[in-house]
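Student: after the sequence you'll find the predicted model.
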Amino acid sequence: MHVHFIAIGGAAMHNLAMELAARKHYTVTGSDDEIFDPALSHLREAGLLPEQTGWHPENITTDIDAVILGMHAREDNPELVRARELNIPIYSFPQYLYEQTKDKTRIVVAGSHGKTTTTAMILYVLRQLGIETDYMVGAQITGFERMVRLSDTAKYAVFEGDEYLTSPLDRRSKFLWYHPHTAILTGIAWDHINVFPTWDLYVDTFRQFTRTINDTLIYFEQDPVLAQLAAESQNIRCIPYNAYNGDVPMQVFGKHNMQNLQAACLACQQTGITPEVFYDKISTFTGADNRLEKIAETSSFAAYKDFAHSPSKLRATINAVRERYPDRQLIACMELHTFSSLTADFLPQYKDSMREADVPIVYYNQHVIEHKHLAPISPDDVKSAFCQPNLQVFTDSQLLKDHLLSQNYRNSVLLLMSSGTFDGINVTDLTKHIIQNNN
């Protein structure tokens with residue numbers, strides 16, 4: 001098989017490319033107009049990095065068996081146009097995953113928050129028990145070679161179900177492709193307003209998702225929207241859950257992680273794993289990369305990084321750290337980076353989301369707003385939206401870095417939250433400097 005990836009530089013796309021080359025031994029080629037680390041290094045190491053960036057229709061030849069189309073490409077992409085002219089089968093990323101696993105038992109984790117962590121918990125326990133599983137998860141998990149695995153032998157497939165668009169040719173949510181036997185819905189909080197400009201449209205895509213479930217829906221019962229969707233789901237079994245409140249010691253913390261634990265336990269029960277076995281195995285789980293990931297600790301200081309960027313994720317992450325360190329100063333810094341977060345009409349959704357932080361800080365880059373063709377927002381707009389008088393707003397990453405280094409970190413916790421990079425700030429080096437400066 002020869003498979004060509006259009007937009008190979010995406011996080012999931014490049015992992016799938018490496019998986020097909022390594023496990024399936026396919027011939028894999030690809031293209032993209034920009035590729036950044038870690039995809040750049042991963043593809044280079046795997047021998048899959050395109051020789052030149054950009055879209056080149058001559059890459060598309062009659063010996064290609066399938067094209068996998070990433071969301072980063074556009075409908076008029078020259079390589080896509082050429083592939084259609086040659087009648088080469090074209091798959092979106094989720095469509096391809098389904099085709100590869102349609103004869104397996106599929107578990108899909110969806111919701112506005114907690115997807116990656118809950119998926120990682122399920123995979124961790126299955127791995128601990130030696131149960132072979134195919135998967136797709138949105139972050140690197142310790143002990144797992146890639147973010148994607150596809151085999152000819154696994155009985156189960158576990159996917160993180162994303163509600164974002166499938167591809168330039170398919171404007172439906174990705175998770176509508178997976179048709180799970182068991183699905184988890186962790187909660188619904190409005191996001192992706194460029195795709196779902198109203199709350200009702202956002203909820204409706206989850207409603208459509210419930211209609212694709214074959215057997216069982218596991219849902220967080222304290223979310224009234226999920227309770228309503230469950231009530232509407234007449235032809236499947238619906239299992240509500242709350243937070244785990246047992247006495248097994250855990251490496252992860254926070255109310256939302258305890259909710260994730262209970263959801264993952266119920267999903268594993270559908271495969272025959274008892275709660276006792278699940279909680280024994282999950283007790284050593286330390287989390288997925290960039291999901292409340294501890295990056296430094298001394299006797300009087302700790303630092304964490306997290307992917308939190310939407311209001312619900314931001315609030316949950318800050319509250320989790322506050323619960324963990326009730327007597328320490330909490331310095332919380334987040335980056336507005338996504339389309340929704342940088343949209344003036346969406347900013348008020350962040351009201352009170354950093355209330356539990358002693359030192360709340362927000363960073364954003366004006367150039368990113370221009371690149372996304374959004375209306376300008378000012379630091380005063382951000383302060384007004386968050387409704388927190390002591391909020392500090394930065395638009396220059398160097399000034400932000402200097403400010404973070406100037407803080408007193410005795411008996412403190414630093415929490416860095418972003419789906420971006422704070423425009424190149426190396427958070428590991430930053431925390432090393434903080435520790436040196438506070439010794």
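Tutor: Nice, I can see it. Residues are numbered from 1 along each chain as shown.
Student: rest of the way, CA atoms for contacts and neighbours
Tutor: OK.
Student: got the contact list for residue 238?
Tutor: Shown in contact with residue 238 (CA atoms under 8 Å, 6 or more residues apart in numbering): 216, 217, 218, 219, 230.
Student: now, among those residues, which is nearest to residue 125?
Tutor: Among the contacts of residue 238, residue 218 lies closest to residue 125 (CA to CA), at 17.8 Å.
Student: burial measure for the closest one, as a count.
Tutor: Per other CA atoms under 10 Å, the neighbour tally for residue 218 reads 23.
Student: name the strands paired with the helix or strand where it lies and say parallel or antiparallel.
Tutor: Secondary structure assigned from DSSP states H and E places residue 218 in strand 216-220. Here strand 216-220 has these sheet partners by DSSP bridges: strand 182-185 (parallel), strand 237-241 (parallel).
Student: contact partners of that strand?
Tutor: Taking CA under 8 Å, 6+ apart as the rule, strand 216-220 contacts 181-187, 210, 226-227, 230, 236-242, 259, 263, 266-267.
Student: quick one: mean pLDDT for that strand?
Tutor: Throughout strand 216-220, pLDDT has a mean value of 98.
Student: so residue 107 sits against residue 183, correct?
Tutor: Yes. Between residue 107 and residue 183 there is a contact at 5.7 Å, judged by CA atoms under 8 Å.
Student: mind listing the shared neighbours of these two?
Tutor: residue 267.
Student: break down the stretch 51-200 of the chain into its helices, ranges please.
Tutor: 78-85, 93-101, 115-128, 199-210 (DSSP state H, counting those that start in this stretch).
Student: with mean neighbour count and mean pLDDT added, can I get those helices in TSV?
Tutor: Listed next are these as TSV, based on neighbours: other CA atoms under 10 Å; pLDDT from 0 to 100:
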stretch	mean neighbour count	mean pLDDT
helix 78-85	18	98
helix 93-101	19	97
helix 115-128	24	96
helix 199-210	17	97
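Student: rewinding a little: between the strand holding residue 218 and helix 199-210, how big is the angle?
Tutor: 140 degrees (axes from the mean of the first three to the mean of the last three CA atoms, to 10 degrees).
Student: quick one: buried residues of strand 216-220?
Tutor: 216, 217, 218, 219, 220 (16 or more other CA atoms under 10 Å).
Student: using PDB, write down the CA coordinates of that strand.
Tutor: Written as PDB, here are the backbone C-alpha positions of strand 216-220 (Å, rounded to 0.1, in the frame of the first residue of the first chain):
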ATOM      1  CA  THR A 216     -23.800   2.100  25.800                       C
ATOM      2  CA  LEU A 217     -23.600   5.800  26.800                       C
ATOM      3  CA  ILE A 218     -21.700   6.700  29.900                       C
ATOM      4  CA  TYR A 219     -22.400  10.300  30.900                       C
ATOM      5  CA  PHE A 220     -21.600  12.700  33.700                       C
END
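Student: figure out how far it is from the centre of its chain.
Tutor: 20 Å (CA atoms, centre = their mean, to the nearest Å).
Student: next, the buried residues of the helix or strand just after that strand.
Tutor: Next along the chain after strand 216-220, taking DSSP H and E as the criterion, comes helix 224-232. Across helix 224-232, burial judged by 16+ other CA under 10 Å covers 225, 226, 227, 229, 230.
Student: ditto for stretch 339-354
Tutor: Result for stretch 339-354 [16+ other CA under 10 Å]: buried residues 339-344, 346-351, 353-354.
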